[in-house]
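Engineer: Starting from these lines, generate the structure:
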Amino acid sequence: MFFTCLNALAAVWLFTTPLLWPELPARGVLAAVAGAAAVFLGVMGIASRQARLALVALGTGLCIANFFLPGGVGVMASFVTAALTLMAGGLSPVPYVVPAAAITEAPAQEEIPAPAWTAAA
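Structural biologist: Numbers count the residues shown, from 1 in each chain. Coordinates of the predicted model:
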C-alpha cells in the first residue's frame with residue numbers, strides 16, 4: 001500500500017505542477033495530462049498488473065520528455081523525481097493475500113525435552 005500512496009502523491013504533484021511555477025505550455029500540459037492519467041492508473045494498479053506496467057511506461061515517457069522540452073533545473077528535477085516515483089510504484093511487489101480457510105488449523109508443536117545437566121569433574 002505504500003507504493004500506491006506514493007503513486008498518488010506523484011500524480012497530484014504532477015497535476016499541480018503547472019500551478020506552482022511558470023513553465024512552457026507544452027510541459028505544463030504534459031504534466032497535467034500525466035498527473036490525471038497517473039491518478040487513474042494508480043488506483044487501477046491495485047488490482048491490475050497492466051495498469052502498473054502503464055505507470056512504468058508513463059514514468060519512462062516523462063523521463064524522455066526532459067530531453068526534448070527545455071526548462072530550468074528545478075522543472076527538470078521535478079519531472080525526473082515524479083517519473084522515478086511512478087516507475088518505482090509500478091514495479092513494486094504485489095501483495096499476496098492468503099485466504100482465511102487456509103489458516104484454520106495450527107500446526108502441532110512437538111515437545112522438546114530439556115537437556116539434562118551434569119556436573120563435569
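Engineer: Look at residue 36 and say how many residues are nearby.
Structural biologist: The burial metric for residue 36, expressed as a neighbour count using other Cβ atoms under 10 Å, is 13. Quick note: C-beta positions are derived from backbone N, CA and C, even for glycine.
Engineer: for it, what are its contacts?
Structural biologist: Each residue near residue 36 by Cβ atoms under 8 Å, 6 or more residues apart in numbering is listed here: 11, 15.
Engineer: Next: residue 28.
Structural biologist: In this structure, residue 28 makes contact with 17, 18, judged by Cβ under 8 Å, 6+ apart.
Engineer: Send over stretch 73-92 as PDB, restricted to the C-alpha atoms.
Structural biologist: Included here for stretch 73-92 are C-alpha records, laid out as PDB according to Å, rounded to 0.1, in the frame of the first residue of the first chain:
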ATOM      1  CA  VAL A  73      16.900  22.700 -13.400                       C
ATOM      2  CA  GLY A  74      14.000  22.800 -10.900                       C
ATOM      3  CA  VAL A  75      11.400  21.900 -13.500                       C
ATOM      4  CA  MET A  76      13.500  19.100 -14.900                       C
ATOM      5  CA  ALA A  77      14.200  17.700 -11.500                       C
ATOM      6  CA  SER A  78      10.500  17.800 -10.700                       C
ATOM      7  CA  PHE A  79       9.800  15.700 -13.800                       C
ATOM      8  CA  VAL A  80      12.500  13.200 -13.100                       C
ATOM      9  CA  THR A  81      11.500  12.800  -9.500                       C
ATOM     10  CA  ALA A  82       7.900  12.300 -10.300                       C
ATOM     11  CA  ALA A  83       8.800   9.900 -13.200                       C
ATOM     12  CA  LEU A  84      11.000   7.800 -11.000                       C
ATOM     13  CA  THR A  85       8.400   7.700  -8.300                       C
ATOM     14  CA  LEU A  86       5.800   6.400 -10.800                       C
ATOM     15  CA  MET A  87       8.300   3.800 -12.100                       C
ATOM     16  CA  ALA A  88       9.000   2.600  -8.500                       C
ATOM     17  CA  GLY A  89       5.300   2.400  -7.800                       C
ATOM     18  CA  GLY A  90       4.700   0.400 -11.000                       C
ATOM     19  CA  LEU A  91       7.500  -2.000 -10.300                       C
ATOM     20  CA  SER A  92       6.700  -2.500  -6.600                       C
END
